[in-house]
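# 3D model of this:
(2 chains)
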Amino acid sequence: MEKKVRVRFAPSPTGGLHLGGVRTVLYNYLFAKQQQGDFILRIEDTDQTRYVPGAEDYIFNCLQWAGLEPDESPRHGGPCGPYRQSERKEIYRHYAEQLVKDGHAYYAFDTPEELEQMRHDFKTEQNPSPQYDHTIRMKMRNSLTLSEQEVKALLSQNTRHVIRIKMPVGETVSFTDMIRGEVSFDTSVVDDKVLLKADGMPTYHLAVVVDDYLMKISHAFRGEEWLPSAPVHILLWHYLFGLENMPQWAHLPLILGPNGKLSKRDGAKYGFPVFAMNWTDPRTGERTEGFKEKGFLPEAFINLLALLGWNDGTDQELFTKEELQQKFSMSRVHSGGAKFDYEKAKWFNHEWIKRTEATRLKPAVSALLAQKDIVVQNDHLLENVINLVKDRCTLLTDFPEQSTFFFKAPEQYDFSAIKPKWNEARQLFFAEWIRACELVTDWKAADLEKEFKEIAAVNELKPGEVLLPLRIMLVGGKFGPGVFDIAALLGKDETIKRMKTAINLLQER
RNA sequence: GGCCUGUUCGUCUAGGGGCUAGGACGCAUCCCUUUCACGGAUGAAACACGGGUUCGAUUCCCGUACAGGCUACCA
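Numbers count the residues shown, from 1 in each chain, chains lettered A, B, ... in the order given. Predicted coordinates:
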């Protein structure tokens, strides 16, 4: 049988795509590929108040960056369209009316003010948030309490109304979750959720069931926050399409921040990204940082996300997407939420930078260098530089700092460490070393080091005494990879030029 | 308040009736390197609590505590 795994979500009210969302997509993607099924992505676009310009494009850009493109979506099309909720309004209405006809739902005419009044009136210490449920629905204005004529009259006058599900009393609804096994609920404690809103648009509860049926979804993944409303969806399946056609549910554990469900706020507060890519809310102009711009490799991003709540049972922590596809299994997904640890996230990225070829790092690195007004024409040199410094880069954004001195002579020198010890002996040594350099024909790190140490020995200096001055002459400070490796990449002329410049400066003082 | 879910080092986790409870991140110390990293070695660090069941429970069961989620004409 054909498998169709779907993930469905709405952009957050302010736009953006957070860690939890990407992980849901990722697990969905991996599972679908593994089952050789289709991966379908639905994006809610129902609520005008919630719609954020650009949010949908943004989501697809993120998924493209992460390499998680769906087979079927509002963007990619597919056989089960239309995919936009606003274009499916009549479909939802049809099923909602059918539920009313069958006695599983009813019209409710209560105004927002009346609802508020109800919540106020029934509020007690025992029950701080009263719900529209079987205990109070008979006290409200709906087709259960009103006479048939009254209802007809109200409907013919186009009175604003919603359709609510009529939750049965005292029944147990249960289903098997792919991650947590059997979960059951008492229908008496679930409220009469709105299915169709006054504007004719469906709520999530109706839409998810109708769409999953019409789009032939076999597996549905979503966050754990949906678990409490699962009984509504199960009942809807039971009433409308039959439980035997219901997809298998998987409620993924939450990704937690320092206190509770990870939020955008946490990122701002603790200084780590929570979105896949940078996002600017077009309405407020507020910008939220993304993993991409922060300097993460998509491979690392996928890897760290996959391991937040899943492992293959071995000690392996670094996985390529192909390995994940092969080894991922829903049965090994945790049921408990996982706190996001940015330090570990950076470790994953560092590991990925170290194991990624310089040629693949090159485009991102040269873009970053260009931002610092450094344009490197020599591809080969850039590759060599990347190879030399990538071990010390945790984020892609570390590359400029680690490598600008290869392309630009230092503007400032940290002479403080060497100046007090600068004397005639050292001056003579460097003069001799520069002469030696000028004679070198084959400019290689190992040979330079050998030569350098020989000259030092002749001058009765320990290499250590002149190594640091050399480093500072070449790069300006106490940083960077091996000093002879730097010299080798700098080339003979540039190395000599930098040494002469620095020595002049050193003696002026 | 009610309902749902969860609980192994600070964090991510392995394990599952008898183990010196394993790994990783982070942290500390040492080695390498007369820069900083990388690398290597070592170390500190955990089964929430109380009852059962059992010859034996971290593991199974029940309670409690704690944490999180949900409790909208939002998803």
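# For A:Ser184, give its distance to A:Ala108.
Separation of A:Ser184 from A:Ala108 (C-beta to C-beta, to the nearest Å): 27 Å. C-betas here are computed from N, CA, C, even on glycine.
# quick one, which of these two is more surrounded?
Neighbours per residue, other C-beta atoms under 10 Å: of A:Ser184 and A:Ala108, the larger number sits with A:Ala108, 23 against 11.
# Could you check how far the more buried one is from A:Arg164?
Using C-beta to C-beta, A:Ala108 is found at 5 Å from A:Arg164.
# Report the set of residues contacting both of those two.
A:132, A:142, A:192, A:194 (C-beta atoms under 8 Å, 6 or more residues apart in numbering).
# Double-check that the third one belongs to a helix.
No. When classified by DSSP: H, G, I helix; E, B strand; the rest coil, A:Asp192 is found to be coil rather than part of a helix.
# what sits against the residue lying closest to it once chain neighbours are set aside?
Leaving aside its sequence neighbours, A:Asp192 sits nearest to A:Arg164 (C-beta to C-beta, 6 or more residues apart in numbering; 4.3 Å). A:Arg164 sits next to A:105-106, A:108, A:132, A:137, A:142, A:192-195 when contact means C-beta under 8 Å, 6+ apart.
# out of these, which touch RNA strand B?
A:132, A:194 (C-beta under 7 Å from any atom of the strand).
# out of the contacts of A:Arg164, which is most surrounded?
Result: A:Ala105 is most packed of the contacts of A:Arg164 (other C-beta under 10 Å), 28 neighbours.
# What about the closest residue in space to it that isn't next to it in sequence, how many residues nearby?
Among residues not flanking A:Ala105 along the chain, A:Leu99 sits closest, at 3.8 Å (C-beta to C-beta, 6+ apart). A:Leu99 has 22 neighbours, counted by other C-beta under 10 Å.
# Surely A:Leu99 and A:Leu240 touch.
Yes. With contacts counted by C-beta atoms under 8 Å, A:Leu99 reaches A:Leu240, the gap being 7.1 Å.
# which phi and psi does A:His251 have?
A:His251 adopts backbone torsions of phi -100, psi 110, taken as degrees, to the nearest 10.
# so it bridges to which residues?
Counting by DSSP bridges, A:His251 is bridged to A:Arg222.
# what's the answer for A:Leu41, then?
Using DSSP bridges, the beta-bridge partners of A:Leu41 come out as A:Val7.
# thinking again about what came up before, report the secondary structure state of the residue nearest to A:Asp192.
Under three-state DSSP, A:Arg164 comes out as strand.
# For it, give the beta-bridge partners.
In this entry, A:Arg164 is beta-bridged to A:Tyr106, A:Val194, by DSSP bridges.
# which among the shared contacts of A:Ala108 and A:Arg164 gets closest to RNA strand B?
Proximity of these to RNA strand B (C-beta to the nearest atom of the strand) peaks at A:Val194, which lies at 3.6 Å.
# what pLDDT does the residue nearest to A:Asp192 get?
As predicted, A:Arg164 sits at a pLDDT of 98.
# now swap in the one 10 residues further on and tell me
pLDDT, the model's per-residue confidence, is 92 for A:Ser174.
# Could you see whether RNA strand B lies near the strand or helix carrying it?
Taking DSSP states H and E as the criterion, A:Ser174 maps to strand A:172-177. No. If you take C-beta under 7 Å from any atom of the strand as the test, strand A:172-177 misses RNA strand B, and the best it gets is 8.0 Å.
# Spell out which residues of the stretch 101-250 of chain A are next to RNA strand B.
So the stretch 101-250 of chain A meets RNA strand B at A:110-112, A:115, A:119, A:125-129, A:131-132, A:160-162, A:180, A:183-186, A:189, A:191, A:194, A:197-199, A:201, A:203-204, A:224-229 (C-beta under 7 Å from any atom of the strand).
# One more pass at 6 Å, please.
A:111-112, A:115, A:126-129, A:131, A:160, A:162, A:180, A:183, A:185, A:189, A:191, A:194, A:197-198, A:203-204, A:224-225, A:227-229 (C-beta under 6 Å from any atom of the strand).
# Next: the stretch 401-509 of chain A.
Applying C-beta under 6 Å from any atom of the strand, we find that the stretch 401-509 of chain A lies next to RNA strand B at A:462-465, A:467-468, A:478-482.
# from memory A:Lys421 sits against A:Glu465, does it?
Yes. If you go by C-beta under 8 Å, A:Lys421 and A:Glu465 touch, sitting 7.4 Å apart.
# Could you count how many residues lie near the nearest residue to A:Thr159 once chain neighbours are set aside?
Once flanking residues are discounted, A:Thr159 sits nearest to A:Phe109: 5.8 Å by C-beta to C-beta, 6+ apart. Per other C-beta under 10 Å, the neighbour tally for A:Phe109 reads 20.
# pLDDT at the residue in chain A positioned nearest to RNA strand B, what is it?
Per C-beta to the nearest atom of the strand, A:Gly464 is where chain A lies closest to RNA strand B, at 1.8 Å. For A:Gly464, the model assigns a pLDDT of 85.
# which residues does A:Leu68 contact?
A:Leu68 neighbours (C-beta under 8 Å, 6+ apart): A:22, A:25-26, A:29, A:302.
# switch to 10 Å and redo it
A:Leu68 makes contacts with A:7, A:22, A:25-26, A:28-30, A:39, A:41, A:62, A:276, A:298, A:302, A:321, as judged by C-beta atoms under 10 Å, 6 or more residues apart in numbering.
# Counting neighbours, which of the residues you listed end up buried?
A:7, A:22, A:25-26, A:28-30, A:39, A:41, A:62, A:276, A:298, A:302, A:321 (16 or more other C-beta atoms under 10 Å).
# if we look at RNA strand B, which of these are close to it?
Among the buried ones among the contacts of A:Leu68, none lies close to RNA strand B by the criterion of C-beta under 6 Å from any atom of the strand.
# rewinding a little: which neighbours do A:Leu99 and A:Leu240 have in common?
Shared contacts of A:Leu99 and A:Leu240, counting by C-beta under 10 Å, 6+ apart, come down to A:Leu206.
# still on that earlier bit, the residue nearest to A:Ala105: what's it in contact with?
Counting by C-beta under 10 Å, 6+ apart, A:Leu99 makes contact with A:105-106, A:163-166, A:195-196, A:206, A:235-236, A:239-240.
# Assess the claim that the residue nearest to A:Thr159 and A:Glu150 are in contact.
Yes. Counting by C-beta atoms under 10 Å, A:Glu150 is a contact partner of A:Phe109 at 9.3 Å.
# hang on, the earlier thing: now, the residues of the stretch 101-250 of chain A next to RNA strand B that are in helices?
A:112, A:115, A:204 (DSSP state H).
# out of the residues you listed, which is most surrounded?
Top of these by neighbour count (other C-beta under 10 Å): A:Tyr204, with 21 neighbours.
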